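Asks: Model the structure of this input:
(chains A and B)
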Amino acid sequence: MNVDQAPGAPAWREACAGPTFITLKFERFRLVRVLLIVYLVSYLGLALLCGFARQLTGVKVFGPLNLGYAVIIGNYVVAWILALVYLRSSGRRHDVLASAAIREHAASPSGATHLP
Amino acid sequence: MSGATLGIFAAIMLLTLGITAWAARRTRTATDFYTAGQTLSAAQNGFALAGDWCSAAAFLGFSGLTALYGMDGALYALGPLMAFCTVLFLVAEPIRNLGRYTLGDVINFRIRRKPALLATAVCTIVVNLAYLVPQMAGGGVLLRLLLGLDYRTSVAIMGIAMILYVTFGGQLATSWIQIVKAVLMLSAAAVMLGLIAMRLGFDLGRLFSANEITYGSDYLLPGNYLKNPFDQLSLALGYACGLAGLPHVMTRFYTVPDAPTARKSVVWVMFLTGSFFMATTIFGLAASHFLGHAAISAADRGGNLTVPLLAQFVGGGPGTIGGDVMLGFVSAVAVATILAVVAGLTLSTAGAISHDIYVNLIHSGQVTPQAQLRVARIASASIAVLAVLLGIVAQGVNVAVLVILAICIAASANFPTLVLALFWRGFNTGGVVGGMGVGLVASVGLAVIGPAVMGKDALWPLVNPRLSPCRWDFWAPISVAKSPQPSGHNRIISTKFNSVRRPATGADPAR
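Replies: Next comes the predicted model:
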């Protein structure tokens, strides 16, 4: 059986096509993509630096602190900032959109029917 | 060991048993047992997560690595914080919205097929046991040092504590023991940091310059421990994917009422463990400066006693009251750490056996609430007994490889399956079974032929066997899912609405 021919298929297709739900999915995806890229570039960049540019990590950048330790400390700061950005955006925008999407679906004709 | 050590240890044990007695009276249903009734606040769950995730390996091991090998220890310590980014952005909220008690719930919600649930439950049990045995062995060694008991008695005492905590107190007792332990651990770290800073005249930069003068500039460079450049990358990837696949960490997200609280609790744990792990790097550098490598290696070749030794030193040195109190405090916190982590692991494994296998797989969910609670208790007591037996067998064996193995299986089997189940519409039973199977076999295989087991003659060069699996751990589940399936296995339509919508919004139209 094709998934689109199963009982209940029109109902879920309609529920997932709601404009607020689409906005939520799109905005969440956009935010998470940016955060993941910054996170992976920063963290895997450090791993590559330490693995393949060992001598470069020894360059002194700040008093007795060398580049390697400076980038490690930078990674702590990056992780904390990304976490706060995500917390703020989710609380201000995504939670609001999620509850709006639930209300929107409940008010629609198919929202009243029981979904299998 | 001194009276101070014994006294502090006894006080911590009494406190945890008191918590258990209090929690036991409040544990009446399976939801209470597995998730503390979903009543924890974001801060409480954040502290409990910190208690769960900062294992003794982290507390004792990272400082030792930094003290003896320099920057590689700092890289190990950075990983746990970075790993929570993956958890926060990708898995914490959808898991909270989809599951009730276990990782199997998430897979079972998405794909209601028994082979998929069985594969998930098996991976959960294997990962948890691989993580549990080293904790038992480490705890046995630590209790032997603290109380002067023999190894088997020490492991048995931990097993009895475990049965009491988990079987009677369930998740409520486990969570509060983890919270207490996290508070103790963080205050121990703060006190030590303060004492170290005072000795240095509040100039932490001196740690770098003094160590450079004593041990040469190579000491401040990476690669002294992880000699293969690819090992650094492998370690980072292992952290980035492994934590998000650890079942006992996931279980913690079910103890909060909703997804926003789950999200906030991750941010709490990122600040708590991040600052703690940053402190372990400072402890390592301070120990190297104050105590010297020879003294650290003499106490334990792997450097695992660095933190207790440093605590004794900054407290005033051996034989002084301050030194004894600090040593006793830090050692007792290390034991509390092991008890808290083992309790979380026991509970998570009991969930896979009783909830996933007994209730959902064998009885298709048709089990009375009373029976569910009874089975969960029997399962946790059995796991504790099994853990004691395995802990005794593991005496003298290099168990560190098991931690690596646990994280590796979590990263190669659990994480890809979880992410695909959450975000890919085309995922199905074959994909789960194929992905879990290939991830499990590949991780175990690479660990067995790697340096951790075979030593210098290893067929596979990397200590953390993560880099190569990362190529096939997503490839395997996707290609199996795309291949022709036995009839019936594509019928995921009934959950399709939910599988797209509920992870994102938490809405449950069926309720």
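
Asks: which stretches of the stretch 301-450 of chain B have low pLDDT?
Replies: For the stretch 301-450 of chain B, the stretches flagged by pLDDT under 70 are B:396-401.

Asks: wait, does the host helix or strand of B:Ala182 contact chain A?
Replies: Taking DSSP states H and E as the criterion, the element that holds B:Ala182 is helix B:170-199. No. Using Cβ under 8 Å from any Cβ of the partner chain, helix B:170-199 stays clear of chain A, coming no nearer than 15.1 Å. (C-beta placed from N, C-alpha, C; glycine too.)

Asks: What mean pLDDT does the helix or strand that comes right after that helix get?
Replies: Toward the C-terminal end, the helix or strand that comes next after helix B:170-199 (DSSP H and E) is helix B:205-215. In this model, helix B:205-215 has an average pLDDT of 90.

Asks: got the CA coordinates for helix B:205-215 in PDB?
Replies: What follows is helix B:205-215, C-alpha atoms only, in PDB (Å, rounded to 0.1, in the frame of the first residue of the first chain):
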ATOM      1  CA  GLY B 205      48.200  32.800  33.400                       C
ATOM      2  CA  ARG B 206      51.100  31.800  35.700                       C
ATOM      3  CA  LEU B 207      50.000  28.200  35.300                       C
ATOM      4  CA  PHE B 208      50.900  28.300  31.600                       C
ATOM      5  CA  SER B 209      54.200  30.100  31.900                       C
ATOM      6  CA  ALA B 210      55.400  28.100  34.900                       C
ATOM      7  CA  ASN B 211      54.500  24.800  33.200                       C
ATOM      8  CA  GLU B 212      56.200  25.900  30.100                       C
ATOM      9  CA  ILE B 213      59.400  26.600  32.000                       C
ATOM     10  CA  THR B 214      59.300  23.300  33.800                       C
ATOM     11  CA  TYR B 215      58.200  20.900  31.100                       C
END
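
Asks: List the buried residues of that helix.
Replies: For helix B:205-215, burial by neighbour count (16 or more other Cβ atoms under 10 Å in any protein chain shown) applies to B:Arg206, B:Leu207, B:Phe208, B:Ser209, B:Ala210, B:Asn211, B:Glu212, B:Tyr215.

Asks: Which of these sits closest to B:Ala286?
Replies: B:Leu207 (6.0 Å; Cβ to Cβ).

Asks: hang on, the earlier thing: which neighbouring elements make contact with the helix holding B:Ala182?
Replies: Other elements packing on helix B:170-199 under the criterion 3 or more Cβ pairs under 8 Å, 6 or more residues apart in numbering or on different chains; DSSP states H and E are helix B:3-24, helix B:30-35, helix B:42-53, helix B:259-290, helix B:306-315, helix B:321-350.

Asks: Adding distance to chain A and mean neighbour count, write those helices out as CSV.
Replies: Converted to CSV, the helices and strands packed on helix B:170-199 look like this (distance: least, Cβ to the nearest Cβ, whole Å; neighbours: other Cβ atoms under 10 Å in any protein chain shown):
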stretch, distance to chain A, mean neighbour count
helix B:3-24, 29, 17
helix B:30-35, 22, 24
helix B:42-53, 10, 25
helix B:259-290, 5, 24
helix B:306-315, 19, 25
helix B:321-350, 22, 26
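
Asks: Tell me which of the ones you listed sits nearest to B:Leu103.
Replies: So among the helices and strands packed on helix B:170-199, helix B:321-350 is nearest, using Cβ to Cβ, at 8.5 Å.

Asks: Now do the following helix or strand past that closest one and helix B:170-199, the angle between them.
Replies: As assigned by DSSP H and E, the chain's next helix or strand after helix B:321-350 is helix B:369-393. Angle, helix B:369-393 to helix B:170-199, by axes from the mean of the first three to the mean of the last three Cα atoms, to 10 degrees: 50 degrees.

Asks: CA atoms only for the helix or strand just after helix B:369-393, dumped as PDB, please.
Replies: Following helix B:369-393 in sequence order, the next helix or strand is helix B:400-409 (DSSP H and E). Taking C-alpha atoms only, helix B:400-409 is exported to PDB below (Å, rounded to 0.1, in the frame of the first residue of the first chain):
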ATOM      1  CA  ALA B 400      38.300   2.300  29.900                       C
ATOM      2  CA  VAL B 401      37.700   0.700  26.400                       C
ATOM      3  CA  LEU B 402      34.100   0.000  27.400                       C
ATOM      4  CA  VAL B 403      33.400   3.700  27.900                       C
ATOM      5  CA  ILE B 404      34.800   4.400  24.400                       C
ATOM      6  CA  LEU B 405      32.700   1.500  23.100                       C
ATOM      7  CA  ALA B 406      29.500   2.700  24.700                       C
ATOM      8  CA  ILE B 407      29.900   6.200  23.200                       C
ATOM      9  CA  CYS B 408      30.900   4.800  19.800                       C
ATOM     10  CA  ILE B 409      27.800   2.500  19.600                       C
END
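
Asks: quick one: is helix B:400-409 near chain A?
Replies: No. Helix B:400-409 lies apart from chain A when judged by Cβ under 8 Å from any Cβ; the minimum separation is 15.6 Å.

Asks: buried set for the very next helix or strand once past that helix?
Replies: Following helix B:400-409 in sequence order, the next helix or strand is helix B:415-423 (DSSP H and E). By neighbour count on 16+ other Cβ under 10 Å, the buried set for helix B:415-423 is B:Phe415, B:Pro416, B:Thr417, B:Leu418, B:Val419, B:Leu420, B:Ala421, B:Leu422.

Asks: In chain A, where's the longest helix?
Replies: helix A:19-52 (DSSP state H).

Asks: sorry, back to before: mind putting the buried residues of helix B:205-215 in JSON lines, distance to B:Gly302 included?
Replies: Below are the buried residues of helix B:205-215 laid out as JSON lines (distance: Cβ to Cβ, whole Å):
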{"residue": "B:Arg206", "distance to B:Gly302": "27"}
{"residue": "B:Leu207", "distance to B:Gly302": "22"}
{"residue": "B:Phe208", "distance to B:Gly302": "24"}
{"residue": "B:Ser209", "distance to B:Gly302": "27"}
{"residue": "B:Ala210", "distance to B:Gly302": "24"}
{"residue": "B:Asn211", "distance to B:Gly302": "20"}
{"residue": "B:Glu212", "distance to B:Gly302": "24"}
{"residue": "B:Tyr215", "distance to B:Gly302": "18"}
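
Asks: so which of these comes closest to A:Arg30?
Replies: For those, the nearest to A:Arg30 is B:Phe208 (40.6 Å; Cβ to Cβ).

Asks: Which residue, neighbours along the chain excluded, lies closest to that closest one?
Replies: A:Pro64 (3.9 Å; Cβ to Cβ, 6 or more residues apart in numbering or on different chains).

Asks: Let me know the distance separating that neighbour from B:Gln44.
Replies: Taking Cβ to Cβ, to the nearest Å as the criterion, A:Pro64 is separated from B:Gln44 by 40 Å.
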